[in-house]
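Engineer: Let's see this in three dimensions:
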Amino acid sequence: MAETEVEGGVVVYELLGPEDGEVVTVTPGGRFGKDYPGVRDFAEALARGGKRVLIWDRPNTGASDVQLYGRSESHMRAATLAGVVERLDLGPVVALGGSGGARDSIVFAIEYPELVRKLVVWSIVGGAFSSMSLASVYVLDEIRAVRRGGIDGILALRGRAGNWSDLVAANPRNRRRLLELGAEEFERVMWRWFEAYVPKANEAIPGVADHEIRGIRVPTLVVRGGEEDIDHPKRTSFEVHALIKGSRLIDPPWPEDAWERAQEARDAGRGSIFDPWMEAVPTFLDFIDEPSTPNEPNGTSR
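Structural biologist: Numbering: from 1, shown residues only. Take a look at the predicted model:
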């Protein structure tokens with residue numbers, strides 16, 4: 001485990017696999033860090049395939065510093081990933097991301113195209129239900145808590161996406177960082193980040209305009225959403241595929257109900273929501289190893 005500083009905050013990361021392997025960045029969803037069950041196993045499987053894999057604690061996850069800036073939380077995380085890649089001289093990289101990590105990786109490819117060679121995204125959030133659901137997970141409780149109890153209210157919050165008190169336990173600097181930020185600025189950022197989750201006709205995914213996604217020019221693999229996955233709708237994966245010229249859409253390498261069954265397994269203490277990702281490793285490695293052919297007509301692979 002190592003750390004570097006980006007935008008005034010410490011970012012904790014690890015590099016797995018051979019030093020001469022092609023660099024792949026792995027970004028999970030939620031406010032979950034690199035040590036959340038399932039993430040490391042997935043990264044290690046990619047590393048066994050010969051890749052140099054970057055796993056990292058995004059701001060507001062794991063042991064990294066709390067950060068609150070940017071147009072949205074995904075834009076902040078994309079800027080952070082760019083900073084890590086540049087400081088470690090890793091780019092251009094293959095960016096892999098699932099769920100919230102798919103959104104982070106898409107923004108990364110939009111904002112920092114010179115750092116991205118290929119893009120692989122799955123379990124993409126979009127549409128009214130899943131976007132509004134994310135607002136309740138990431139910002140609405142925070143707004144209520146900070147208005148009622150200030151930063152102490154935030155530290156006492158027990159959220160579904162991870163607790164701010166856990167971030168302090170993992171990194172004691174975070175209490176001071178939150179206190180120095182103050183309740184007024186914390187609330188101001190939460191209101192700005194909330195705006196990203198308000199459904200808009202011109203945004204296939206929260207907080208990212210369709211015309212921005214159309215600007216992605218790297219070879220892109222999009223995994224179709226599961227038939228019954230209301231958190232990562234099938235429709236959204238088709239929309240993202242349609243927006244990225246030359247992208248490839250594939251059926252999920254896992255069962256159609258994998259997300260629902262993984263949540264059940266997690267809640268029963270029998271696994272992680274990210275366990276199904278392991279089934280995609282061979283497919284992802286094959287795509288990474290293909291010669292790059294950007295800007296081809298959109299095609300669907302079954």
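
Engineer: residue boundaries of the strands in the protein?
Structural biologist: Along the chain, counting by DSSP state E, strands occupy 2-6, 9-16, 23-27, 52-56, 93-98, 116-122, 220-223, 248-250, 299-301.

Engineer: In contact with the residue lying closest to Ile143 once chain neighbours are set aside: list those residues for me.
Structural biologist: In this structure, Ile143 finds its nearest non-sequential neighbour in Met190, 5.0 Å apart by C-beta to C-beta, 6 or more residues apart in numbering. C-beta coordinates here come from the backbone N, C-alpha and C atoms, glycine included. Taking C-beta atoms under 8 Å, 6 or more residues apart in numbering as the criterion, Met190 is in contact with 139, 142-143, 146.

Engineer: In TSV, list the strands of the chain along with mean pLDDT, distance to Phe284 and mean neighbour count.
Structural biologist: Formatted as TSV, those follow (pLDDT from 0 to 100; distance: least, C-beta to C-beta, whole Å; neighbours: other C-beta atoms under 10 Å):
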stretch	mean pLDDT	distance to Phe284	mean neighbour count
strand 2-6	97	25	15
strand 9-16	98	15	20
strand 23-27	98	9	25
strand 52-56	98	11	25
strand 93-98	98	7	28
strand 116-122	98	6	24
strand 220-223	98	7	26
strand 248-250	98	10	19
strand 299-301	41	13	11
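
Engineer: Serialize these to CSV and add fields for distance to Glu44.
Structural biologist: As requested, these are exported to CSV (distance: least, C-beta to C-beta, whole Å):
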stretch, distance to Glu44
strand 2-6, 17
strand 9-16, 6
strand 23-27, 10
strand 52-56, 8
strand 93-98, 14
strand 116-122, 17
strand 220-223, 20
strand 248-250, 23
strand 299-301, 26
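
Engineer: To Ala169, which of those lies closest?
Structural biologist: strand 9-16 (14.2 Å; C-beta to C-beta).

Engineer: Select, out of the strands of the chain, the one closest to Ile273.
Structural biologist: Of the strands of the chain, the one closest to Ile273 (C-beta to C-beta) turns out to be strand 93-98, at 9.6 Å.

Engineer: what sits up against that closest one?
Structural biologist: By C-beta under 8 Å, 6+ apart, strand 93-98 touches 22-29, 46, 51, 54, 81, 85, 103-106, 108-109, 115-123, 274, 277, 284, 288.

Engineer: Show me how far stretch 111-126 is from its chain's centre.
Structural biologist: Distance of stretch 111-126 from its chain centroid, counting by C-alpha atoms, centre = their mean, to the nearest Å, is 10 Å.

Engineer: sorry, back to before: what is the nearest of the contacts of Met190 to Glu180?
Structural biologist: Nearest to Glu180 among those, with distances taken as C-beta to C-beta, is Val146, at 14.6 Å.

Engineer: Quick check: phi and psi at the residue lying closest to Val189 once chain neighbours are set aside.
Structural biologist: Leaving aside its chain neighbours, Val189 sits nearest to Leu68 (4.3 Å; criterion: C-beta to C-beta, 6+ apart). Backbone geometry at Leu68, expressed as degrees, to the nearest 10, gives phi -140, psi 100.

Engineer: same question, Pro92
Structural biologist: Main-chain torsions, Pro92, degrees, to the nearest 10: phi -80, psi 150.

Engineer: That one and Pro291, how far apart?
Structural biologist: Pro92 sits 15 Å away from Pro291, going by C-beta to C-beta, to the nearest Å.

Engineer: Those two: which is more packed in?
Structural biologist: Pro92 (16 against 5; other C-beta atoms under 10 Å).

Engineer: so the more buried one makes contact with Glu114?
Structural biologist: Yes: with contacts counted by C-beta atoms under 8 Å, Pro92 reaches Glu114, the gap being 6.8 Å.

Engineer: Could you report the neighbour count for the residue nearest to Val189?
Structural biologist: Here the count is done by other C-beta under 10 Å, and Leu68 has 19 residues near it.

Engineer: What of Met76?
Structural biologist: So Met76, with other C-beta under 10 Å, has 24 neighbours.

Engineer: and the gap between it and Trp122?
Structural biologist: Using C-beta to C-beta, Met76 is found at 22 Å from Trp122.

Engineer: just Val139 next, same as before
Structural biologist: Distance from Val139 to Trp122, counting by C-beta to C-beta: 24 Å.

Engineer: Check Pro18 too.
Structural biologist: Pro18 sits 25 Å away from Trp122 when distances are taken as C-beta to C-beta.

Engineer: Show me the domain layout of the chain.
Structural biologist: Taking automatic domain parsing as the domain assignment, the ranges for the chain are 2-126+202-301, 130-196.
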